[in-house]
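Novice: task: produce atomic coordinates for the following.
(chains A, B, C and D)
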Protein chains: 2
Amino acid sequence: MSQSIEQPADGTRDRTPARAVPTSADVARLAGVSRATVSYVLNNTSAVRISEPTRKRVREAAQELGYVPHAAARSLRAGHSRMVLLPAAHVPVGPLYSRFLNDLQWALRRLDYTVVQYGSIGLDPEDAARAWAELRPVAVVSTGEVEVTPAAVDILKRSGVKAVISVGTRPSGGTHSLVLDQPRVGRVAAEHLIATGRRRIGVVVPEEPGLEMFSAPRLEGARTAAGAVGATVVPLPLAYTEESAGELAARWPELGLDAVFGYNDEYAMLLMRALQDAGVDVPGATAVVGADDLLLGRLLRPRLSTVRIDMVLGGELAALVDGAVNGTADPVGGRSLLDSRVIRRESS
Amino acid sequence: MSQSIEQPADGTRDRTPARAVPTSADVARLAGVSRATVSYVLNNTSAVRISEPTRKRVREAAQELGYVPHAAARSLRAGHSRMVLLPAAHVPVGPLYSRFLNDLQWALRRLDYTVVQYGSIGLDPEDAARAWAELRPVAVVSTGEVEVTPAAVDILKRSGVKAVISVGTRPSGGTHSLVLDQPRVGRVAAEHLIATGRRRIGVVVPEEPGLEMFSAPRLEGARTAAGAVGATVVPLPLAYTEESAGELAARWPELGLDAVFGYNDEYAMLLMRALQDAGVDVPGATAVVGADDLLLGRLLRPRLSTVRIDMVLGGELAALVDGAVNGTADPVGGRSLLDSRVIRRESS
DNA sequence: ACGAGTCATTGACACGTGTCACTCACCCGA
DNA sequence: TCGGGTGAGTGACACGTGTCAATGACTCGT
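Specialist: So this is what the prediction gives:
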């Protein structure tokens, strides 16, 4: 793709020669009133009455100067902010998860929170927590990767954070934990394969770094399901390349597997194609199941069976955050939720 | 997927009964020194010498109280922040673009910037700019969707923003614009199809909202390429569902197209499958080209031809931001760049 | 013994805002 | 005429930090 950089024409470049940014004091001066009055007018404070002519003068002065309040000063004075900190994951998460994050951001935004992404590079959990605490967010929503230890939670709480919410594979101490039941994904997949008569089940484990958080519990879930009926589970390391898939497929006869859970629709599609190219019949010789129910999975032949994951909606999580901040939340332990379930197509 | 909410055990719940968060004054009091000394010690100010015993007392006091500086107060005093504002797009962008955004965030983080996502809901450009300006960011990197008008740029600059960078389809006035040459994507695709003897070219236009920003210029690029040699371009509205693709495929004979550019690998795969199911020979009767060079595109048969887009690296853009902030940047107009080019596989 | 010079530390201000308590002018009723 | 009430606005403080100029205490050379 062609790209080009364009810099501002020199004419407009320094039309603003280091002019200081206007403050409410400047507005007050221009309007001929006190700074307090400016604050009252611009914030529409109802407890104080200001005459209409004065209001108008203030508004016009603010307009003319292009005055914009300073959020930091405001929240410093107020003693609290409406910032939600979102420790960012540096991993190539799937489309489902990234869509969830995007939705979450927008839902929070709609509730008038400011979302701050914050990647913590190579810091241990407590140092990361200290870095986060500097921003004095009102809530921290950790979406995995960065572990939130109890000590880290304590640091955050002590800095005024109202709610620490961790959405991950297991509950963290002292936080409102939203547990995404990853093992269940592997379990239902394995159960489905077993129900169709399979006994030696491969489970793809992506080699891409950062995905163990998801892949390990899924593998474990498959193991428990298999263990219950004496079936076998074999972990299959796989990189997201055609070569890696080809090599794995070449070893297929010696592995003696009659089914495989592909971790993902993407990895499953990759592997299924490699198997077919290697002459393995799907689903005759080996059944294949993915996860995420991507539309693209329906385009291959046979159509890919998959585990449909009903991810919690971004809006729901945002509401939980809001509730936790206000203290009104805590929809207690229950909150029985959507299942992940198998959608059988043709590959299994 | 099963999910459950867990709230903190009541024992640890209010172990901190509204205890105020410690400030540097508290540290000073505990260490028996002045607040200034605390500031000097904790910031390792080199211009002032503090005795080693005192340093130790201060550090221990800070440690004991769990003191964490207040970023807002700090940047208020300093008069500037290191916050980069990233107006968030509420659209389901492709994996390529979202990966680019993720990289950008991490690269900025590595340069010690704080990345703030900010969705502006239904505001006109100037109101949005005012909302952004309240945060007093040092730079704003707009990635499309939200239009940055010259007036908006003025508002931002006036609030102290050092650099406004817009990465999009066309340069915006007064900003450092990074132009992603979307038309070129459509052009090279069309040129390739024409070179293989096709004359009536369909161009998929996704119906999903928010993608016009990409699809319109690509369509336009295809038009110019076709116009140069008297070929025809037909826009093809398509939703990302099997039904929509099926309907479009059913109308295929009457459209009389011998080639189609699918906007995307994903849309192209969807359409190609529908065409095949409708009995259209690919590439015999109709050639298909996608874009993004997704790995999954190589799994279908015939393998999908595609336009490989060498997106600017997140790290490069971050460096540009940093340079613009420091004023050292402006690698002037040139910066000749990577091309988007066709990778021919089997579908064309 | 005394001025000069270094060392360690501190008091005070500024950053930009929100808000409480207070002042001032004015009007009304007795 | 005077006390009290009301409407319109203001002075001053606090939020938590960084940093400059100033203050003592102490040492040293003559």
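Novice: shouldn't A:T306 be within a strand?
Specialist: Yes. Counting by DSSP: H, G, I helix; E, B strand; the rest coil, one finds A:T306 located in a strand.
Novice: what's opposite it in the beta bridge?
Specialist: Under DSSP bridges, the beta-bridge partners of A:T306 are A:G290, A:I343.
Novice: so what's it up against?
Specialist: Listed by CB atoms under 8 Å, 6 or more residues apart in numbering or on different chains, the contact set of A:T306 reads A:265, A:268, A:289-294, A:297, A:342-343, A:345. Backbone N, C-alpha and C define where each C-beta goes, glycine included.
Novice: and if we set it to 10 Å?
Specialist: A:189, A:262, A:264-265, A:268-269, A:288-294, A:297-298, A:342-345, A:347-348 (CB atoms under 10 Å, 6 or more residues apart in numbering or on different chains).
Novice: next: A:S142.
Specialist: A:85-87, A:89, A:125, A:128-129, A:132, A:148, A:152-153, A:156, A:164-168, A:172, A:175, A:177.
Novice: next step: those restricted to strands.
Specialist: A:85-87, A:164-168, A:177 (DSSP state E).
Novice: how many neighbours does the residue in the stretch 101-250 of chain A positioned nearest to DNA strand C have?
Specialist: Relative to DNA strand C, the nearest point of the stretch 101-250 of chain A is A:R136 (13.7 Å; CB to the nearest atom of the strand). Applying other CB atoms under 10 Å in any protein chain shown, we find 23 residues neighbouring A:R136.
Novice: in a helix, it, correct?
Specialist: No. Going by three-state DSSP, the assignment for A:R136 is coil, not a helix.
Novice: return the subset of the contacts of A:T306 lying in helices.
Specialist: Counted as lying in helices by DSSP state H, out of the contacts of A:T306, are A:189, A:265, A:268-269.
Novice: chain center to the strand or helix carrying A:P217: distance?
Specialist: Using DSSP states H and E, A:P217 maps to helix A:212-227. Taking CA atoms, centre = their mean, to the nearest Å, one finds the center of helix A:212-227 at 21 Å from the center of the full chain.
Novice: buried sites along that helix?
Specialist: A:213-223, A:225-226 (16 or more other CB atoms under 10 Å in any protein chain shown).
Novice: wait, does the following helix or strand past it make contact with chain B?
Specialist: Proceeding N to C from helix A:212-227, the next assigned helix or strand is strand A:232-238, under DSSP H and E. No. Residues of strand A:232-238 are not located near chain B by CB under 10 Å from any CB of the partner chain, the shortest gap being 12.5 Å.
Novice: strand A:232-238 vs helix A:212-227, what angle?
Specialist: 160 degrees (axes from the mean of the first three to the mean of the last three CA atoms, to 10 degrees).
Novice: pLDDT on strand A:232-238, on average?
Specialist: In this model, strand A:232-238 has a mean pLDDT of 97.
Novice: and for stretch A:162-181?
Specialist: 76.
Novice: ends of it, what's the gap?
Specialist: Using CA to CA, to the nearest Å, the end-to-end distance of stretch A:162-181 comes to 25 Å.
Novice: ChimeraX command to pick out the buried ones of the contacts of A:T306?
Specialist: Of these, the buried ones can be selected in ChimeraX as follows, counting by 16+ other CB under 10 Å:
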select /A:189,262,264,265,268,269,288,289,290,291,292,293,294,297,298,342,343,345,347,348
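Novice: returning to that earlier point: tell me which residues touch the residue of the stretch 101-250 of chain A closest to DNA strand C, please.
Specialist: A:75-76, A:79-81, A:83, A:85, A:159-161, B:21, B:68-73.
Novice: before we move on, what about A:R303?
Specialist: A:297, A:343-347.
Novice: how much space between it and DNA strand C?
Specialist: As for A:R303, its distance to DNA strand C is 58 Å (criterion: CB to the nearest atom of the strand, to the nearest Å).
Novice: please apply the same query to A:R99.
Specialist: Per CB to the nearest atom of the strand, A:R99 is found 36 Å from DNA strand C.
Novice: now that residue, nearest residue through space, not along the chain?
Specialist: The shortest distance from A:R99 to any non-neighbouring residue, by CB to CB, 6 or more residues apart in numbering or on different chains, is to B:P92 (6.7 Å).
Novice: wait, the one you found touches B:E208, no?
Specialist: Yes. B:P92 is in contact with B:E208 according to CB atoms under 10 Å; the separation is 6.4 Å.
Novice: looking at these two, which one has more neighbours?
Specialist: Ranked by neighbour count (other CB under 10 Å), B:P92 and B:E208 place B:P92 first, with 16 against 13.
Novice: doesn't A:K162 make contact with A:V325?
Specialist: Yes. A:V325 is within contact range of A:K162, at 4.8 Å (criterion: CB under 10 Å).
Novice: shared neighbours of those two, anything?
Specialist: Residues touching both A:V325 and A:K162 by CB under 10 Å, 6+ apart: A:80, A:138-139.
Novice: confirm that A:R187 sits in a strand.
Specialist: No. Looking at A:R187 with three-state DSSP, it is helix, so not inside a strand.
Novice: what about it, how many neighbours?
Specialist: Neighbour tally, A:R187, other CB under 10 Å: 23.
Novice: now the strands: where do they sit in chain A?
Specialist: A:3-6, A:83-87, A:114-118, A:139-142, A:163-168, A:176-180, A:200-206, A:232-238, A:259-261, A:287-291, A:305-309, A:340-343.
Novice: now distance to B:L108 too, for the ones you listed, in a markdown table please.
Specialist: Output for the strands of chain A, formatted as a markdown table (distance: least, CB to CB, whole Å):
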| stretch | distance to B:L108 |
| --- | --- |
| strand A:3-6 | 18 |
| strand A:83-87 | 15 |
| strand A:114-118 | 9 |
| strand A:139-142 | 20 |
| strand A:163-168 | 24 |
| strand A:176-180 | 28 |
| strand A:200-206 | 27 |
| strand A:232-238 | 32 |
| strand A:259-261 | 37 |
| strand A:287-291 | 32 |
| strand A:305-309 | 31 |
| strand A:340-343 | 35 |
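Novice: can I get these in JSON lines with distance to DNA strand D?
Specialist: Output for the strands of chain A, formatted as JSON lines (distance: least, CB to the nearest atom of the strand, whole Å):
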{"stretch": "strand A:3-6", "distance to DNA strand D": "33"}
{"stretch": "strand A:83-87", "distance to DNA strand D": "15"}
{"stretch": "strand A:114-118", "distance to DNA strand D": "18"}
{"stretch": "strand A:139-142", "distance to DNA strand D": "19"}
{"stretch": "strand A:163-168", "distance to DNA strand D": "20"}
{"stretch": "strand A:176-180", "distance to DNA strand D": "25"}
{"stretch": "strand A:200-206", "distance to DNA strand D": "43"}
{"stretch": "strand A:232-238", "distance to DNA strand D": "47"}
{"stretch": "strand A:259-261", "distance to DNA strand D": "51"}
{"stretch": "strand A:287-291", "distance to DNA strand D": "46"}
{"stretch": "strand A:305-309", "distance to DNA strand D": "43"}
{"stretch": "strand A:340-343", "distance to DNA strand D": "45"}
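Novice: ranking the ones you listed by mean pLDDT, which is last?
Specialist: strand A:3-6 - the lowest mean pLDDT of the strands of chain A, at a mean of 45.
Novice: quick one: contacts for A:A62?
Specialist: A:22, A:24, A:26-28, A:30-31, A:38, A:41-42, A:68-69.
Novice: just the mean pLDDT for stretch A:121-131, thanks.
Specialist: Rounded mean pLDDT across stretch A:121-131 is 87.
Novice: and that stretch, anywhere near chain B?
Specialist: Yes. Judged by CB under 10 Å from any CB, stretch A:121-131 comes into contact with chain B at A:121, A:129-131.
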